[in-house]
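> Have a look at this prediction, sequence included:
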Amino acid sequence: MAMLGRRGALGLGLAMLARPAAAATQQTAFLSACADPDGGWRAAAFGLDGVPRFEQSIPARGHGAAVAPDGGTAVVFGRRPGTFALVLDATTGRIVRHITRATDRWFSGHGVFSIDGSLLYATEIDGGGDGVVGVYRVGTDFARVGEFATGGTDPHDIRFSPDGSFLVVANGGIRTDPNLPRVRFDLDRIDSSLAKIDPASGYLHALERLGDRERLLSMRHLAIGINGAVFVAMQYEGPAHEHPSLVAAERGGVLATVDGDAATWRMLDNYTGGAAASPDGRLIAVTSPRGGVALVLDAMSGIVRTRFALPDGSGVAAASAGDFILTSGLGGAFLASHQGPLRRLPGRWVDRLRWDNHLVALSG
């Protein structure tokens with residue numbers, strides 16, 4: 001059990017616990033961190049027409065982003081161990097606030113707004129690599145007003161459950177030291193878990209793990225499927241010749257890997273880069289930049305419906321009921337339909353940028 005610590009209990013109210021509104025069937029712009037041809041770090045957004053919405057310089061490499069419920073604000077997080085989070089005007093890309101890390105805390109690259117938009121929750125690590133969720137109040141210039149434990153180490157992605165009752169956090173379970181960026185320790189003792197946390201009190205309702213045979217899987221990325229199923233895209237830290245399932249689903253308190261033929265998992269090369277659900281939750285897309293492939297799975301059965309080849313493809317976001325937008329670290333963005341081949345978005349601008357790991361949808 002984990003409760004809010006010495007940084008203070010939060011008087012959060014009940015507004016954030018309301019059931020989230022249904023997702024829009026169409027989003028018209030997409031935001032990602034990226035690099036320009038000269039190696040400068042950027043946050044940029046584009047439309048389905050490939051036309052830029054904005055391109056904003058940022059101080060270091062970015063990673064994931066969170067979008068406020070009203071669509072007017074987005075927060076871009078630095079790559080872990082991150083030292084900054086940038087609050088952007090989601091229309092112009094203008095930086096309106098720079099959130100610096102708290103003492104002995106580093107951003108883990110992901111965050112999510114509360115259902116009512118009043119709070120921002122960010123995954124973070126402390127000096128020993130243990131996970132916390134930092135809580136920031138939007139109405140007080142994103143002041144950090146509290147934190148609570150994630151129940152594990154190496155937290156990464158964070159989402160709300162469909163009914164808004166819980167925060168869901170993927171604890172990667174790999175011990176790191178923020179003073180030694182990108183160095184990982186004790187890979188033979190990974191303790192990955194899926195945490196369900198009360199967003200008002202920080203109470204840890206559940207901490208779910210896979211079986212001992214799957215202990216070398218590190219949970220990284222989340223997507224929420226139909227009927228509240230939580231899909232987890234993972235990385236495998238075991239022998240390179242082994243190719244276990246890299247996708248798990250949690251339904252009704254039971255977490256288990258998704259079945260699939262060995263050839264499917266071999267294509268992912270033991271590494272996933274991102275995950276996204278269609279607006280209706282019926283389809284789940286998972287990418288692998290290392291394998292150069294994206295999969296679209298049926299959320300009810302877990303069966304792979306479509307495969308797309310895309311070198312260094314990682315960013316993924318829902319575009320419409322059956323379509324996803326994919327981006328590549330080699331440049332370019334693509335529309336992927338479960339009913340047809342990839343279609344490259346037009347325009348030289350979207351091709352010139354080297355897109356980073358994650359992509360989020362902005363409302364029109």
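Noted; the coordinates are in hand.
> going forward, measure contacts and count neighbours with C-alpha atoms only.
OK.
> now stretch 252-272: mean pLDDT?
Mean pLDDT, computed over stretch 252-272, is 93.
> ugh, typo on my part, it should be stretch 92-111
On average, the pLDDT along stretch 92-111 is 96.
> Please identify the buried residues of that stretch?
By 16 or more other Cα atoms under 10 Å, the buried positions in stretch 92-111 come out as 93, 95, 99-101, 105-111.
> cool, stretch 29-48 as well?
Result for stretch 29-48 [16+ other Cα under 10 Å]: buried residues 29-36, 41-48.
> neighbouring contacts of it?
Contacts to stretch 29-48, defined as Cα atoms under 8 Å, 6 or more residues apart in numbering, come from residues 28, 52-65, 76, 93, 315, 317, 345, 350, 352-364.
> Please convert the buried members of these into ChimeraX selection syntax.
This is the ChimeraX syntax for the buried subset of the contacts of stretch 29-48, where burial follows 16+ other Cα under 10 Å:
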select :52,53,54,55,56,57,58,60,61,62,63,64,65,76,93,315,317,345,350,353,354,355,356,357,358,359,360,361,362,363
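> Just the ones of the contacts of stretch 29-48 in helices?
Judged by DSSP state H, those include 350, 352 as members of helices.
> now the stretch 101-250 of the chain, which segments are flagged as low pLDDT?
Where the stretch 101-250 of the chain drops to pLDDT under 70, the residues are 181-182, 184-187.
> wouldn't Gly331 be in contact with Trp349 here?
No. Contact between Gly331 and Trp349 fails when scored by Cα atoms under 8 Å: they sit 9.4 Å apart.
> who's more crowded, these two?
A direct count of neighbours by other Cα atoms under 10 Å for Gly331 and Trp349 places Gly331 higher, at 22 against 14.
> Looks to me like that one is in a helix.
No. If the criterion is DSSP: H, G, I helix; E, B strand; the rest coil, then Gly331 is coil and not within a helix.
> ok now do it, which residues does it touch?
Contacts of Gly331 by Cα under 8 Å, 6+ apart are 350-355.
> Can you give me the pLDDT of it?
In this model, Gly331 is scored at 97, pLDDT.
> and what of Met1?
At Met1, pLDDT is 35.
> what do you get for Ala9?
Note for Ala9: predicted pLDDT of 38.
> before we move on, what about Gln27?
Reading off the confidence values, Gln27 has pLDDT 48.
> next one: the one 3 residues further on
Here the pLDDT value assigned to Phe30 is 97.
> Secondary structure element for it, which one?
If you go by DSSP states H and E, Phe30 is part of strand 29-35.
> separation between the residue nearest to the spatial centre of the chain and Phe46?
Centroid-nearest residue in the chain: Asp157, 4.3 Å away (criterion: Cα atoms, centre = their mean). Using Cα to Cα, to the nearest Å, one gets 23 Å for the distance from Asp157 to Phe46.
> Also Met234?
From Met234 over to Phe46 (counting by Cα to Cα), the distance is 28 Å.
> got it, and Gly292?
With Cα to Cα as the criterion, Gly292 and Phe46 are 22 Å apart.
> What residues are bridge-paired with the residue lying closest to Arg144 once chain neighbours are set aside?
In space, Arg144 comes closest to Tyr136 once its chain neighbours are excluded; the distance is 4.3 Å by Cα to Cα, 6 or more residues apart in numbering. Here Tyr136 sits in beta bridges with Leu120, Arg144, going by DSSP bridges.
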